[in-house]
Every structure is written in C-alpha cells, then in structure tokens.
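> Below is the sequence, then the predicted model.
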Amino acid sequence: MPSGRPKTLSKKQRAINDQASRERWRKANTKIVNVRFRIEEDKDVLAKLDSVDNKADYIRQLILEDIKKVEE
C-alpha cells in the first residue's frame with residue numbers, strides 16, 4: 001500500500017534525470033552546425049577563430065551584423 005509520500009531518488013538517479021532533462025532541452029532548443037575549412041587555404045580564418053574565446057558568439061555577431069547591413 002502506498003504511503004502517500006513521494007519516492008526519494010538516489011543522487012545517482014537524480015543526476016541521470018537532470019542529464020536527461022538537459023539533453024531534451026538541448027535537442028528541442030539548439031542546433032549544431034558544422035563548418036569544414038581547408039587548413040592551408042583558410043589559415044587566416046582558422047587563426048582568427050582560434051583567437052576568440054567563444055566561437056559561436058563571434059560567428060553569431062558577424063552574421064547579425066551582416067543581416068543588419070543587408071536590411072539597411
């Protein structure tokens with residue numbers, strides 16, 4: 001007979017549930033875009049990308065600036 005009390009999860013089960021929850025959120029709210037560069041021909045581009053702390057934010061900002069220019 002149930003006691004009416006919610007079952008207490010172990011630390012391991014809570015961690016598994018948290019990880020699954022984060023993965024569901026990632027799948028529903030994010031998208032991965034892979035870009036392939038040629039090592040020799042794109043050395044300057046690769047060097048610039050390596051120099052920034054957050055590649056995603058850097059690329060996003062460049063694209064947003066480009067969109068803004070096109071709209072003007």
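Looks like it came in fine.

> quick one: low-confidence parts of the chain?
Scanning the chain with the threshold set as pLDDT under 70 gives 1-3.

> Can you list the residue ranges for helices in this structure?
Counting by DSSP state H, the chain has helices at residues 11-29, 43-51, 55-71.

> how far away is Glu71 from Arg60?
As judged by Cβ to Cβ, to the nearest Å, Glu71 and Arg60 stand 17 Å apart. Just so you know, the C-beta spots here come from the backbone N, C-alpha and C atoms, and that holds for glycine as well.

> Tell me which of the two has more neighbours.
Arg60 (11 against 6; other Cβ atoms under 10 Å).

> picking that back up, of all the helices of the chain, which one comes closest to Phe37?
Ranking the helices of the chain by their distance to Phe37 (criterion: Cβ to Cβ) puts helix 43-51 first, at 5.7 Å.

> Would you mind getting the angle between that closest one and helix 55-71?
Orientation check (axes from the mean of the first three to the mean of the last three Cα atoms, to 10 degrees): helix 43-51 against helix 55-71 gives 120 degrees.
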